[in-house]
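Visitor: quick check, what structure comes out for this input:
(chains A and B)
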Amino acid sequence: MNTSVIRYILGHVLKIEGILMLLPCLTAIIYREQVGFYYLGVALASFALGQLMTFRKPKNFVFYLKEGCVSTALSWILLSFFGALPFTLSGEIPSLTDALFETISGFTTTGASILSSPEAMSHCGLIWRSFTHWIGGMGVLVFLLAIIPMSGGSHINLMRAESPGPSVGKLVPKVKQTATLLYLIYFGLTVIETILLLLFGMPFFDAITTSFGTAGTGGFGIKDNSIVGYAPSLQWIVTIFMILFGVNFNAYYFMLFHNVKKALHMEEVRSYLAIILAAITIIFFDIVRIYDSVFEALTHASFQVASIITTTGFSTADFDLWSQSSKTILVLLMFIGACAGSTGGGIKVSRFVIMFKTVFKEIRSYIHPKSIMKIKMDEKPVEHEVVRSVNVYFITFVIIFAVSLFAISFEGNDLVTSFTAVAATINNIGPGLEMVGPTQNFAFFTDFSKFVLMFDMLAGRLELFPLLILFTPSVWKDAIAEKKKLKKLEKSAS
Amino acid sequence: MLGINLKKTSEKKGLNIIIVGCGKVGVSLVEQLAKEGHAITIIDKNPTKVQEITNLYDIMGLAGNGASYSVQMEAGIESADLIIAVTNSDELNLLCCTVATQVANCAAIARVRTPDYSQESNYLREKLGLAMIMNPELESAREAARILYLPTALEVNSFAHGQAELIKFKIPDGNILDGLSIYNLDQKLPIKILICAIERNGEVIIPNGNLTLTKGDVISVVAPRWKVKAFMTAIGMKNYRIKNCLIVGGGNFAYYLAKQLIHMNIMVKIIELDRERCEELSILLPEAIIINGDGTDQELLKEEGIVSVDSFVPLTGIDEENILLSLYAKQVSTTKVITKIDRANFKEIVSGMDLGSLIYPKYVASEAIIAYVRAKTNSMNSNEIETLYNMFDSRVEAIEFRINEESNVTGVPLKDLKLKDKLLISFINRNGNIIIPSGQDSIQPGDTVMIVTAHKGFHDIQDILR
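Guide: Numbers count the residues shown, from 1 in each chain, chains lettered A, B, ... in the order given. Predicted structure coming up:
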């Protein structure tokens, strides 16, 4: 394994984090908050460390999928650790475990919080929380690819390890341009949302943090009661943008540069919109009796559906009080998640589309045992390799889910709480039901359970395998053996 | 807005190129062109191959039939500057290019190998509106023929429309060049030549005046064409004329080579295993002796005179066989050997063996295309690349620039130009006169200038300046 290139990438990630942390520093200057100095300190420290790590350029830049996965997983862990430091140092979240939980929840765009009252936080703490969503949404390595010139073509492996979806392709032939395009679309949509929120009367600070939360499909609110306090018009804007950020970004690329028709014909996007529409309709009829007006019921139904399926996790209503069937639909939506290639989490609509088609194919093979049928998506045959990886992904997902559920069951909470806590973290949503419901938080868990949930959040965001590879002994054995061999070679050479 | 901006930047940095076919030539094109910053989309019928190559290089891949209109549209033919069709089917390549030129305003290069078409390649090129028809075997055969024309050289390339030649040879034991510094070269030799690159112990050196030549160095020399033979005699390298050639394997390469050699009055003998092919060859090449038999059979080779023949060229389809045959020929005789290698894997090992001159048809093909791409990239600029050669396993490039207008390199004595390291101006071609330059000479508009350099990716004559 090429360890020096991993070190180099990690160094760059730290440098970028150092630069990005200047945003809370700026906020601290505006609001004249003392806490800002901690952010400045950590920013400088991580930049300095990054500079140190990138000081020596690696001899060869060649790296394969495994290096891509390992550096992605390590980057995210490192990123979260440094991101958590200011919370603990400033004393706003005294326990390091809690701070780590909050930061990982931020970067993985989960939005599960251990804070009972975000309003008690400083402005710079709040903006950093929300900003982690924005950074984590599109991915920090994609950002790295967009700004740092790298030679060789193998860095598609980095993008593949970080971007969600069963098969990651490029929009244009060059990785750098693809990454730049993705970030441009991402940035553009965020700016549009902020402007719209401002136009409809949201204060500037709230508009920015809410946009960050929506764009990354994160869900950290800056108010104790999330989005409830805002006017319905603002809630609708957030609803629409949540849905927009859950769409495969390729669709926007097609809309901007090719033809709108192709974008609208993407099977995944169509299924995604169909699921949303169906869920809203069912929940709307289910809850229309609870609310005063039809409009209010519709607002709440669509907001909650959009919030859950895109794995954002904002809330305008305590859906824990809704009927069992509505709650069940929301829990099911948690697992479906957003489209591949969006900023959302979950298992992804495209995987479900492929899995359903596999089931259909299997049924048909019972009726016509010798029939041959190739699974198609967007009128193109899906390679067997992709189908297989989708199936394996699902199985791995179920295993990790089951193990995590078992691990946190020792807490002695009821099954709904434990189940939805794991579901809400592994799918990067945020709130679950009962004790982890939209009006509650995750603070009551023991440190052990928090670490299990942190692992789930990272695994869910990085699509399981990059993180699992870290726990594969042979990867590390290889790395160590190779290092030793290189040293021996150097010795014999000198 | 964004679309326009993007297109502009892509124009500045490189071309949008579509390559159809992930074969040997396709991959080597991708390797080189991706390095030079072009935006490449590759199309192949085999999805696994596409997957493999997109994992290795920063390019986009597409599985499908490259000649189909919809596949080409998906690959972005509308914004492409160039399409290169290098699948293993000539007809498909031609069809790809024809479709592409009809759909979009882009240049097209097709690889066409069959002799049936190659005779009418100019006609095809014109009628189908292609930029270039590439025939790797024909180009390689031409190169092989050039080497056989000057058998003491390892490699012969021609520049400036054949006015100048670049020859590569090894300094033998006891040669007058051994121990001579480049500074003293002019005094010792009656003919003015320029040594532009030296390979010593696996390292390539672009020499300056203080360097001393030693035996075993492989040197590349530039000289006007009519002086080459005189130069070789002057340094005491016995320059015999090759009278006969033994070729093993009767493929297209062998056919093209035989044709060239017969034209040069060299007797050709071809050993081919397949009887039908032998009959075909005997019709196509009535002057050649066609032998039906196994070319890897030692007895047969001896019988056909491998010991006494002037030159030996194994051209079977299997690299390992070619290598073994060459090694055998080198062992039993002093004949001039040219070895053809199809696959570029293990190049370091191959170049370390004593195989005489090496020819990689795959590189011959891709070099010609890359030279075209470079010239096209540069077409907006005033200076154009005429030809480009990769020397010493593409560690050194020889580039011929055409100087169209005045600039800060023209009119200045060469000794006053601040040139980059590892770079040499090897000749100036002024109205067909080859000038081997000294410090007093200067570049003038209208000249073509050849630069030898270890730097990569020169596009403009300005690049030679520090």
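Visitor: I'd like to know how many residues surround the residue of the stretch 251-400 of chain B found nearest chain A.
Guide: Nearest to chain A, among the residues of the stretch 251-400 of chain B, is residue B:373, at 14.7 Å (C-beta to the nearest C-beta). For every residue, glycine as well, the C-beta is placed using N, CA and C. Close neighbours of residue B:373, defined as other C-beta atoms under 10 Å in any protein chain shown, add up to 25.
Visitor: so it sits right up against residue B:16, yeah?
Guide: No - Residue B:373 lies out of contact with residue B:16 (C-beta atoms under 8 Å); the separation is 11.4 Å.
Visitor: which secondary structure elements does the lowest-mean-pLDDT helix or strand in chain A contact?
Guide: Counting by mean pLDDT, DSSP states H and E, chain A has its least confident helix or strand at helix A:156-162, which shows a mean of 71. Helices and strands touching helix A:156-162, by 3 or more C-beta pairs under 8 Å, 6 or more residues apart in numbering or on different chains; DSSP states H and E, are helix A:65-89, helix A:140-147, helix A:175-199, helix B:47-56.
Visitor: hmm, try it at 7 Å
Guide: Contact partners of helix A:156-162 among helices and strands, from 3 or more C-beta pairs under 7 Å, 6 or more residues apart in numbering or on different chains; DSSP states H and E: helix A:65-89, helix A:140-147, helix A:175-199.
Visitor: what residues does chain B have near chain A?
Guide: For chain B, the residues in contact with chain A (C-beta under 7 Å from any C-beta of the partner chain) are B:2-3, B:34, B:39-41, B:47, B:54-60.
Visitor: so who does the residue in the stretch 351-466 of chain B that chain A sits nearest to touch?
Guide: Closest contact between the stretch 351-466 of chain B and chain A, by C-beta to the nearest C-beta, is at residue B:456 (11.5 Å). By C-beta atoms under 7 Å, 6 or more residues apart in numbering or on different chains, the residues touching residue B:456 are residue B:397.
Visitor: what residue in the stretch 201-350 of chain A comes nearest to chain B?
Guide: Residue nearest to chain B within the stretch 201-350 of chain A (C-beta to the nearest C-beta): residue A:257, separated by 5.3 Å.
Visitor: hang on, the earlier thing: ok, the residue of the stretch 251-400 of chain B closest to chain A touching residue B:34?
Guide: No - using C-beta atoms under 7 Å, residue B:373 is not in contact with residue B:34, being 11.7 Å away.
Visitor: map the structural domains onto the sequence of chain B.
Guide: B:2-134, B:244-359, B:366-464 (automatic domain parsing).
Visitor: now render those as a markdown table, adding mean pLDDT.
Guide: Putting the domains of chain B into a markdown table (pLDDT from 0 to 100) gives the following:
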| stretch | mean pLDDT |
| --- | --- |
| domain B:2-134 | 81 |
| domain B:244-359 | 88 |
| domain B:366-464 | 77 |
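Visitor: near chain B, which residues of chain A are found?
Guide: Residues of chain A lying near chain B (C-beta under 7 Å from any C-beta): A:153-154, A:156, A:170, A:172-175, A:256-257, A:383.
Visitor: by neighbour count, which of those residues wins?
Guide: Counting neighbours by other C-beta under 10 Å, the top entry in the residues of chain A next to chain B is residue A:173, with 27 neighbours.
Visitor: for residue B:245, name its beta-bridge partners.
Guide: Counting by DSSP bridges, residue B:245 is bridged to residue B:268, residue B:311.
Visitor: what's near enough to touch it?
Guide: B:148, B:261, B:266, B:268, B:310-311, B:313.
Visitor: in ChimeraX, how would I select the buried members of the residues you listed?
Guide: In ChimeraX syntax, the buried subset of the contacts of residue B:245 is picked out as below (16 or more other C-beta atoms under 10 Å in any protein chain shown):
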select /B:148,261,266,268,310,311,313
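Visitor: and which of the contacts of residue B:245 is nearest to residue B:163?
Guide: Checking the contacts of residue B:245 against residue B:163 with C-beta to C-beta, the nearest one is residue B:148 at 20.8 Å.
Visitor: can you verify the closest one is assigned to a helix?
Guide: Yes - counting by DSSP: H, G, I helix; E, B strand; the rest coil, residue B:148 is located in a helix.
Visitor: that one and residue B:243 touch, don't they?
Guide: No - proximity of residue B:148 to residue B:243 does not meet the contact threshold set by C-beta under 7 Å, at 10.4 Å.
Visitor: who touches both of those two?
Guide: residue B:266.
Visitor: as a check, name the ranges of all strands in chain A.
Guide: A:376-377, A:380-381 (DSSP state E).
Visitor: for the residue of the stretch 251-400 of chain B closest to chain A, what are its contacts?
Guide: B:15, B:33, B:82.
Visitor: could you do residue A:127 as well?
Guide: With C-beta under 7 Å, 6+ apart, residue A:127 has these contacts: A:23-24, A:27, A:209.
Visitor: just put the residues you listed in TSV and tack on neighbour count and pLDDT.
Guide: Below are these laid out as TSV (neighbours: other C-beta atoms under 10 Å in any protein chain shown; pLDDT from 0 to 100):
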residue	neighbour count	pLDDT
A:23	20	90
A:24	28	89
A:27	23	89
A:209	26	90
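Visitor: out of those residues, which comes closest to residue B:223?
Guide: The nearest member of the contacts of residue A:127 to residue B:223, counting by C-beta to C-beta, is residue A:23 at 65.2 Å.
Visitor: who's in contact with that closest one?
Guide: A:127, A:131.
Visitor: give me the distance from stretch A:381-388 to the chain's centre.
Guide: When distances are taken as C-alpha atoms, centre = their mean, to the nearest Å, stretch A:381-388 is centred 25 Å away from the chain's centroid.
Visitor: on that earlier part again, buried subset of the residues of chain B next to chain A, written for PyMOL?
Guide: In PyMOL, this line selects whichever of the residues of chain B next to chain A come out buried by 16+ other C-beta under 10 Å:
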select buried, chain B and resi 34+39+40+41+54+56+57+58+59+60
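Visitor: in the residues of chain B next to chain A, find the pair that's most separated.
Guide: Top of the distance list for the residues of chain B next to chain A (C-beta to C-beta): B:2 and B:47, 30.9 Å.
Visitor: in helices, which of the residues of chain A next to chain B fall?
Guide: Among the residues of chain A next to chain B, DSSP state H puts A:156, A:175, A:256-257 in helices.
Visitor: can you count the residues close to the closest residue to residue A:416 other than its chain neighbours?
Guide: Excluding its sequence neighbours, the residue lying closest to residue A:416 (C-beta to C-beta, 6 or more residues apart in numbering or on different chains) is residue A:434, at 4.7 Å. Residue A:434 has 17 neighbouring residues, counting by other C-beta under 10 Å.
Visitor: can you pull the contacts of residue A:434?
Guide: A:320, A:414, A:416-417, A:420.
Visitor: hmm, back to that, deepest-packed of the helices and strands packed on helix A:156-162, please.
Guide: For these, the largest average neighbour count (mean count of other C-beta atoms under 10 Å in any protein chain shown) is found in helix A:65-89, namely a mean of 23.
Visitor: and that one, how far out from the chain's middle?
Guide: So, by C-alpha atoms, centre = their mean, the centroid of helix A:65-89 is 14 Å from its chain's centroid.
Visitor: coming back round to it: confirm the residue of the stretch 251-400 of chain B closest to chain A sits in a strand?
Guide: No - Residue B:373 sits outside any strand when classified using three-state DSSP, being helix.
Visitor: so which residues of the stretch 1-150 of chain B form helices?
Guide: B:2-13, B:24-35, B:47-56, B:69-74, B:90-103, B:115-118, B:121-128, B:136-149 (DSSP state H, counting those that start in this stretch).
Visitor: shaky segments in the stretch 1-150 of chain A?
Guide: A:149-150 (pLDDT under 70).
Visitor: residue of it with the smallest distance to chain B?
Guide: Closest point on the stretch 1-150 of chain A to chain B, by C-beta to the nearest C-beta, is residue A:65, at 7.7 Å.
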